[in-house]
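Colleague: Below is the sequence, then the predicted model.
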Amino acid sequence: MPITCVTAFYNIGRDDVDGRSVSEYKAWLYRMLVTVRDPFVVYLDKSLGWKSEILALRGDIDVVETVLNEIPMWKHRDTIANILADPKFRSTLRHPRDITNLLPEYCTVQYSKFGWLEAAIARNPFGTSHFAWLDAGSSRFYDTRRTYISRPGVADTFYIEVNSSRNRLGTFHPDSYIGTCECILHGTMWVMTPRAFIVVRDEVMRIFHDEMIGRRRIDNEQIALVLAYPMVKDSVTLIDSRGSHGTSFINTLFAQT
């Protein structure tokens, strides 16, 4: 049985911050939708006008259009902006020029992944038992000369990619880790069952609300995942990146066709 892949793309103006243009993301997104052959739910910025083009790519794509201020975590956008403008918080940042610390819409979108997954799991338009998150730009991390489909027998867990700092998991404290932008668990690709998703989502959201927003600080969802790991590790399976972000993950959970 296939899995339901979930992705999203919204124009948050990042090309003015880090040079990644909407046209680049469009190419990456379309390439992913063509090369990963499992069905997709795509949450899409209505202002882009891409819906008909995406639906023409394949028959098993479900497109949900909204405007930017309707995304799941938009209600926190102004709070995040105020935190990022706070000189006291900015003085603690390890990488103040990282997009996480420059564009409030970025973290708003990153944490909305959990809301989009929750909605896709609740609707389950393709009737699958497993779900995946794939960033809109995921195709730049794997060999797109091939096509892929999920492997059978995927376990009841939350699969996530880990880098070479794996042995440091469980050693981080919110007070010293938030504001570092130090990625150890990646947010690019996840595969999960609904049960495992709920476990991870609940702890990530607790960290977001209690350790970040509640204490006037912020960092991206990959930081929250690392802080959540000690509490959710029984529901998580780590996939080593082996120095090649994305490639090991897709080759472990997806078969080339």
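Modeller: Noted; the coordinates are in hand.

Colleague: what about stretch 163-175, average pLDDT?
Modeller: When pLDDT is averaged along stretch 163-175, the result is 97.

Colleague: nope, stretch 10-28 is what I was after
Modeller: The model assigns stretch 10-28 a mean pLDDT of 95.

Colleague: Quick check: buried residues in that stretch?
Modeller: Neighbour-count burial for stretch 10-28, counted by 16 or more other CB atoms under 10 Å, picks out 10, 12, 14, 22, 25-26, 28. Every C-beta, even on glycine, is put in place using the N, C-alpha and C of the backbone.

Colleague: any residues touching it, and which ones?
Modeller: Identification of contacts with stretch 10-28 by CB atoms under 8 Å, 6 or more residues apart in numbering yields 9, 43-45, 47-48, 50, 68, 71, 99, 102-103, 105-106, 108-109, 136-140.

Colleague: Restricted to strands, list those residues.
Modeller: Among these, the members found in strands (DSSP state E) are 9, 43-45.

Colleague: Among those residues, which one is most surrounded by other residues?
Modeller: Y43 (25 neighbours; other CB atoms under 10 Å).

Colleague: any idea how far the closest residue to L102 other than its chain neighbours is from I218?
Modeller: In this structure, L102 finds its nearest non-sequential neighbour in V17, 5.3 Å apart by CB to CB, 6 or more residues apart in numbering. V17 is 16 Å from I218, where distance means CB to CB, to the nearest Å.

Colleague: same thing with H173?
Modeller: Counting by CB to CB, the separation of H173 from I218 is 16 Å.

Colleague: Can you give me the neighbour number for H173?
Modeller: H173 has 9 neighbouring residues, counting by other CB under 10 Å.

Colleague: What are the boundaries of the strands in the stretch 51-200 of the chain?
Modeller: Taking DSSP state E, counting those that start in this stretch as the criterion, the stretch 51-200 of the chain contains strands spanning 61-66, 131-134, 148-150, 158-162, 185-192.

Colleague: pLDDT of the first one, averaged?
Modeller: So the one you mean is strand 61-66. The pLDDT scores in strand 61-66 average 98.

Colleague: The longest helix anywhere in the chain vs strand 61-66, what angle?
Modeller: Longest helix in the chain, counting residues (DSSP state H): helix 104-123. Relative orientation of helix 104-123 versus strand 61-66 (axes from the mean of the first three to the mean of the last three CA atoms, to 10 degrees): 130 degrees.

Colleague: Could you tell me the angle between helix 104-123 and strand 185-192?
Modeller: Going by the same axes, to 10 degrees, helix 104-123 makes 10 degrees with strand 185-192.

Colleague: Helix 104-123 packs against which elements?
Modeller: strand 4-9, strand 40-45, helix 77-84, strand 131-134, strand 185-192, helix 194-206, helix 221-232 (3 or more CB pairs under 8 Å, 6 or more residues apart in numbering; DSSP states H and E).
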